[in-house]
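Undergrad: everything below, folded, please.
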Amino acid sequence: MATAAHPLPARRRFGLNPIIVALVVVIVSAIVWIVILLPERGPVEEVTVTGPEPGQVDCRAPVVFRATVRTNGRAEFVTYHWEGSTDKADPVRGWLTFDKDDTKPVVERKLIVRGSAGEKITGDQKLVVETPNRKEDSVDYSLICKGTGSG
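TA: Below you'll find the predicted structure:
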């Protein structure tokens, strides 16, 4: 008596479903775009720095840089520092407190530019908000000494 051969069960192919792979790629791309490309959101929304107009300055007197910080209305303690291309010492640090949506000036940065009469002085000054979220702005300057500054 002959026995009937039983066929082996069909083997399942395990592979990646192209639709699931495409969906994962889209989700990961969206997360990367949101995390890397969108600007940081936080209570500090804007920092604006202004400096002296280009032209001649008395190199015996300080050149003044001003900045403002704007917040979105939450009560915050904001820390910041000034830094510049010609600074040799530690950055100048400061802080502000906000209790509403407001724009406040920071402590001015007074910089002594050193040079001889007619000498061109260039550089930049930047205000960096450190906390509660990082924001910064900078201004380049190009000045010509009209005084006889020493140093």
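Undergrad: low pLDDT regions in this structure?
TA: 1-15, 32-41, 87-89, 147-151 (pLDDT under 70).
Undergrad: where exactly do the helices run in it?
TA: 18-32 (DSSP state H).
Undergrad: can you pull the contacts of residue 121?
TA: Residue 121 makes contacts with 59, 113-115, 141-145, as judged by CB atoms under 8 Å, 6 or more residues apart in numbering. All C-beta atoms are positioned from the backbone trio N, CA, C, and that covers glycine.
Undergrad: mind redoing it with 10 Å?
TA: 57, 59, 63, 86, 111, 113-115, 141-145, 149 (CB atoms under 10 Å, 6 or more residues apart in numbering).
Undergrad: now, which of those residues sits nearest residue 49?
TA: Distance to residue 49 across the contacts of residue 121 (CB to CB) is lowest for residue 141, with 10.5 Å.
Undergrad: find the nearest non-adjacent residue to that closest one, please.
TA: Of all residues not flanking residue 141 in the chain, residue 51 sits nearest, at 4.9 Å (CB to CB, 6 or more residues apart in numbering).
Undergrad: so what's that neighbour up against?
TA: Applying CB under 10 Å, 6+ apart, the residues near residue 51 are 63-67, 109, 111, 123-125, 138-143.
Undergrad: coming back round to it: want to throw the contacts of residue 121 into a markdown table with distance to residue 75 and neighbour count?
TA: Compiled in a markdown table, these are given as follows (distance: CB to CB, whole Å; neighbours: other CB atoms under 10 Å):
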| residue | distance to residue 75 | neighbour count |
| --- | --- | --- |
| 57 | 39 | 21 |
| 59 | 43 | 24 |
| 63 | 34 | 19 |
| 86 | 36 | 14 |
| 111 | 32 | 21 |
| 113 | 38 | 24 |
| 114 | 42 | 14 |
| 115 | 44 | 19 |
| 141 | 35 | 21 |
| 142 | 40 | 12 |
| 143 | 39 | 22 |
| 144 | 45 | 16 |
| 145 | 45 | 20 |
| 149 | 44 | 19 |
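Undergrad: restricted to strands, list these.
TA: 57, 63, 111, 141-145 (DSSP state E).
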